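[1] Generate a structure from the sequence data that follows.
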Amino acid sequence: MGRNSDSIVTYEPNNAIKKGVYSLVREIIREVADNRWLLIQLFKRDFLSMYKQSFAGVAWAGIIPFLSIATFLVLQRSGVLSVGTMAVPYPLYAVFGMMFWQVFAVGIQNGANALVKAGSMIVKINFSRKSLVIAAGGQALVTFLIQFVILGLVYFYYGITPHPTILLVPVLVIPLFLFTLGLSFLLSILNGIMRDIGAMLSFFLTFVMFLTPVLYVKPSAGVLSVMSRYNPLFYLISVPRDFVLYGRTGDWGGFAIAGLAGVLVFFACLIVFHLTETRITERV
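    Next up is the predicted model:
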């Protein structure tokens with residue numbers, strides 16, 4: 001016999017967890033880079049499909065925030081609630097808050113439904129499913145840019161010169177966007193398994209918006225004040241808004257912690273998505 005018949009060959013499954021976090025992150029970056037053309041095409045498709053059959057088109061990105069602001073104004077003038085006192089006109093304060101909030105709301109809604117909407121595509125084509133979530137979440141940045149232009153018109157209307165810190169807006173929105181994208185990766189998987197997630201998401205976001213000082217000043221005392229202290233969205237939205245509007249804020253510590261938490265959520269959920277995306281086709 002020319003070969004040892006007693007030799008034993010052991011086969012082990014390709015366990016991605018054994019690669020380590022660093023290797024997984026490198027693998028994810030390489031995968032996204034290889035699929036960048038598809039990601040861009042998906043982004044264009046989502047953007048065009050969002051507005052091409054709409055009468056108002058991209059104007060909806062400004063109409064929806066103003067409807068929310070108008071609702072709060074009516075409630076304030078009717079004595080139902082108080083938005084608090086601020087050193088700038090309320091529409092300017094509210095538009096800034098909605099501009100940051102929409103990054104979270106639009107990003108979560110689009111990202112969570114990305115896999116479900118592309119169910120037939122996932123089954124037929126082998127590609128990185130991350131591209132779907134990233135492209136869908138990227139629509140939030142488009143909405144953000146449109147509302148940023150509207151913000152400039154509000155400044156012009158009131159004859160107010162923006163504080164120089166407004167130039168830091170693109171940097172200040174990064175932690176919020178990473179936090180949103182991370183949650184989108186996780187929710188997209190859960191929504192593929194349990195469709196109740198997508199159905200409840202719109203109600204949940206409305207509920208969270210009312211509990212977060214987006215369209216009103218954080219109360220100095222009471223339940224909302226205590227809840228805001230432990231709400232990461234308060235720091236990721238209100239701190240950048242106050243800093244850009246007034247050039248100062250007293251919650252940099254909370255913003256740093258919330259920002260770090262957002263980055264950790266992003267990487268944790270991205271890795272979970274990467275380890276489970278090969279099984280998504282069976283569920284969606």
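
[2] CA atoms for contacts and neighbours, from now on please.
    OK.

[3] Tell me where the model's unsure across the stretch 1-150 of the chain.
    Segments of the stretch 1-150 of the chain classed as low confidence (criterion: pLDDT under 70) are 1-20, 48, 50-66, 68-69, 72-73, 75-82.

[4] And the helices in it?
    21-34, 36-51, 60-77, 90-112, 114-117, 119-124, 130-137, 139-158 (DSSP state H, counting those that start in this stretch).

[5] what packs against the shortest one?
    Spelled out, it's helix 114-117. Helix 114-117 makes packing contacts with helix 130-137, helix 174-193 when contacts are defined by 3 or more CA pairs under 8 Å, 6 or more residues apart in numbering; DSSP states H and E.

[6] Can you say which of these is nearest to F148?
    For F148, the closest of the helices and strands packed on helix 114-117 is helix 174-193, at 15.1 Å, according to CA to CA.

[7] could you give the angle of the closest one to helix 130-137?
    For helix 174-193 and helix 130-137, the angle between their directions (axes from the mean of the first three to the mean of the last three CA atoms, to 10 degrees) works out to 120 degrees.

[8] Can you point out the buried residues in helix 174-193?
    Neighbour-count burial for helix 174-193, counted by 16 or more other CA atoms under 10 Å, picks out 175-192.

[9] which strands and helices sit next to it?
    The contact analysis (3+ CA pairs under 8 Å, 6+ apart) places helix 174-193 against helix 90-112, helix 114-117, helix 130-137, helix 196-211, helix 232-246, helix 252-276.

[10] Pull it out as CSV, backbone CA atoms only.
    The C-alpha atoms that make up helix 174-193 are tabulated as CSV, following Å, rounded to 0.1, in the frame of the first residue of the first chain:
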residue,chain,number,x,y,z
ILE,A,174,-21.5,61.1,12.4
PRO,A,175,-22.2,59.4,15.8
LEU,A,176,-25.9,59.6,15.3
PHE,A,177,-25.7,58.1,11.8
LEU,A,178,-23.4,55.3,13.0
PHE,A,179,-25.8,54.6,15.9
THR,A,180,-28.8,54.6,13.4
LEU,A,181,-27.0,52.3,10.9
GLY,A,182,-26.0,49.9,13.6
LEU,A,183,-29.6,49.5,14.8
SER,A,184,-30.7,49.2,11.2
PHE,A,185,-28.5,46.2,10.7
LEU,A,186,-30.0,44.5,13.7
LEU,A,187,-33.6,45.5,13.0
SER,A,188,-33.4,44.4,9.4
ILE,A,189,-32.6,40.8,10.5
LEU,A,190,-35.3,40.9,13.2
ASN,A,191,-37.8,42.3,10.7
GLY,A,192,-37.0,39.4,8.3
ILE,A,193,-37.8,36.9,11.0
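
[11] mind listing what T161 touches?
    Y155 (CA atoms under 8 Å, 6 or more residues apart in numbering).

[12] Distance check, it against L39.
    Remark: distance between T161 and L39 (CA to CA, to the nearest Å) = 38 Å.

[13] do the same with L168
    Here the distance between L168 and L39 works out to 27 Å (CA to CA).

[14] any idea which residue sits dead centre in this structure?
    The chain has T180 as the residue nearest its centroid, 2.8 Å off, counting by CA atoms, centre = their mean.

[15] wait, doesn't that residue sit right on F104?
    Yes - between T180 and F104 a contact is recorded at 5.5 Å, counting by CA atoms under 8 Å.

[16] I'd like the average pLDDT over the host helix or strand of V226.
    Secondary-structure assignment from DSSP states H and E places V226 in helix 223-229. For helix 223-229, mean pLDDT is 85.

[17] That one packs against which elements?
    helix 196-211.

[18] what residues does the helix it packs on touch?
    By CA under 8 Å, 6+ apart, the list of residues contacting helix 196-211 from outside reads 101, 105, 109, 112-113, 187, 190-191, 224, 227-228.

[19] now swap in stretch 270-282 and tell me
    Contacts of stretch 270-282 from elsewhere in the structure, counted by CA under 8 Å, 6+ apart, are 16-17, 24-25, 28, 119, 122-123, 129-130, 182, 185-186, 189, 192.

[20] And the residues you listed, which is closest to V154?
    Using CA to CA, G182 comes nearest to V154 of these, at 31.9 Å.

[21] What residues does the nearest residue to that closest one once chain neighbours are set aside make contact with?
    When the adjacent residues along the chain are set aside, G182 lies closest to F266, with 3.7 Å between them (CA to CA, 6 or more residues apart in numbering). Under the criterion of CA under 8 Å, 6+ apart, the neighbours of F266 are 178-183.
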